[in-house]
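> quick one, fold the following:
(one chain, ligands or ions: 2)
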Amino acid sequence: MSRILRVVLNSRPGKNGEPVPENFRVEESTLTTDLKPGEVLVRTLYLSVDPYMRCRMNEDTGADYLSPWVLSECVDGGGVGVVESSRHDAFSKGDTVTSFNWRWQTCDVVDGSRLQKLDPDLVNGHLSYFLGAVGMPGLTALLGVREKGHLKPGANQTMVISGAAGACGSVAGQIGKLDGCGRVVGICGSEEKCRVLVSELGFSSAVNYRKGDVSAALRESCPDGVDVYFDNVGGAISDTVIAQMNKDSHVILCGQISQYNKDVAYPPPLSTETQELLHSKNITRERFMVLSYMEKHEAGLLQLSQWVKAGQIKVLETIVNGIENMGGAFCSMMTGGNIGKQIVKISD
Ligand SMILES: NC(=O)C1=CN([C@@H]2O[C@H](COP(=O)(O)OP(=O)(O)OC[C@H]3O[C@@H](n4cnc5c(N)ncnc54)[C@H](OP(=O)(O)O)[C@@H]3O)[C@@H](O)[C@H]2O)C=CC1
Ligand SMILES: CCCCCC(=O)/C=C/[C@@H]1[C@@H](C/C=C\CCCC(=O)O)[C@@H](O)C[C@H]1O
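Ligands and ions are numbered 1, 2, ... in the order given. You can find the predicted model right below:
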């Protein structure tokens, strides 16, 4: 038996409500560490907080691939850890492992069939990158751009990314440049984020949507209009971008975080005006889901790893320490407290 800490869902914010750290509760618990055949004892190193978790806080997530978190039960999501002991043939003590359904616990006993082994060389030992640029958000950026972006190298296209300073957005913009866009413009929520996008990540320009006339700033940044829009946020920001899109251009419908605290279906309905614009300008706007391209994940992670190791993709992270800060980190990410991927470090 071993004493552990875990995070349970304490209360739901309601479908129309902002999440607060008090929606989560940290508890002491005990873990039986005698393993049955096929089981693995893991120690948690890093946990991820992600926007889709807001949907899991509702009784009904509104998405068939997302199950709701259960009140007073341990919550779960992306995690990375180390194997302490194993009774599963595929895992040995010291292996680095990950899962999409890692319980928010300091240690856990898990069925080995639910774990994937990771090669730390892919991230030069920066294991948290497996939850960000060389993990699900990086794949979302890569596959979103490649599957739905219709990029044409040499065509001097302009790509706009909303949520540009976040985990997916910061990588998507860099891939836009690597894949040949002439101009890559980020939209995000602070001056500091704009500075980082341009001076550290090589974006052509950046627009702070909390300041001034966003439409005018975007027009100045995109004098030839917008050819590709990587949409992470939806709502009024996306209406503004779509109004400046060119004929036969493309929206990559990645996420709609501005609507996640509202009781609306996913993807949320568009205004009549925006729908008419999409139609009259023949703009594609297909829903994109990274989990629909599982067969492309392995090659995608190798590509992301190569870019990161070569310094062609710069990785931004915001890391807080301690399992007691999971709820706070989640709420902070939902309100723009992160630059790059929001990570919680659980142990060394
Ligand atoms: N389709 C798919 O398969 C996947 C989709 N996603 C989606 O991608 C998007 C980005 O996810 P991820 O990179 O993990 O998260 P981020 O790291 O981008 O964090 C979320 C960011 O959203 C921004 N934000 C929050 N509220 C608003 C708002 N009302 N208006 C505008 N921006 C807002 C904040 O930045 P700021 O300071 O700029 O406001 C915040 O930092 C989400 O919509 C998510 O659901 C993610 C993974 C897979
Ligand atoms: C309804 C809102 C969806 C917003 C889009 C989004 O962020 C999608 C993210 C998924 C996410 C799914 C994660 C785990 C699935 C298993 C969870 C469970 O219920 O057990 C990510 O990991 C991949 C994206 O497609």
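> at the contact with ligand 1, which residues of the protein appear?
50-52, 137, 140, 163, 165-169, 188-190, 193, 232-233, 237, 254-258, 288-290, 333-334, 336, 338, 342 (Cβ under 6 Å from any ligand atom). C-beta coordinates here come from the backbone N, C-alpha and C atoms, glycine included.
> so what's the residue count around whatever residue of the stretch 201-348 of the chain ends up closest to ligand 1?
Ligand 1 sits closest to Gly255 of the stretch 201-348 of the chain, with a gap of 1.9 Å, by Cβ to the nearest ligand atom. A total of 27 residues lie near Gly255 under the criterion other Cβ atoms under 10 Å.
> how near is it to ligand 2?
From Gly255 across to ligand 2, the span is 5 Å (Cβ to the nearest ligand atom, to the nearest Å).
> I'd say that residue and Ala167 touch.
No - with contact defined as Cβ atoms under 8 Å, Gly255 and Ala167 do not form a contacting pair (10.7 Å).
> and the strands in the stretch 1-150 of the chain, which stretches?
For the stretch 1-150 of the chain, the strands defined by DSSP state E, counting those that start in this stretch occupy 2-9, 24-31, 39-48, 76-86, 96-103, 107-111, 116-118.
> determine which stretch of those strands is the most buried.
Neighbour counts (mean count of other Cβ atoms under 10 Å) averaged over each of the strands of the stretch 1-150 of the chain peak at strand 39-48, with a mean of 24.
> is ligand 2 within reach of it?
No - on the criterion Cβ under 6 Å from any ligand atom, strand 39-48 is out of touch with ligand 2, staying 8.8 Å away.
> what angle do that strand and strand 2-9 make?
50 degrees (axes from the mean of the first three to the mean of the last three Cα atoms, to 10 degrees).
> tell me the contacts of Leu253?
Neighbouring residues of Leu253 by Cβ atoms under 8 Å, 6 or more residues apart in numbering: 148, 231, 267, 285-288.
> what is the neighbour count of Cys74?
Cys74: 16 surrounding residues under other Cβ under 10 Å.
> quick one: residues contacting it.
With contacts taken as Cβ under 8 Å, 6+ apart, Cys74 has the following neighbours: 6-8, 103-105.
> ok, which stretches of the stretch 151-300 of the chain are helices?
Assigned by DSSP state H, counting those that start in this stretch, the helices in the stretch 151-300 of the chain fall at 167-178, 191-199, 214-221, 235-242, 272-280, 297-309.
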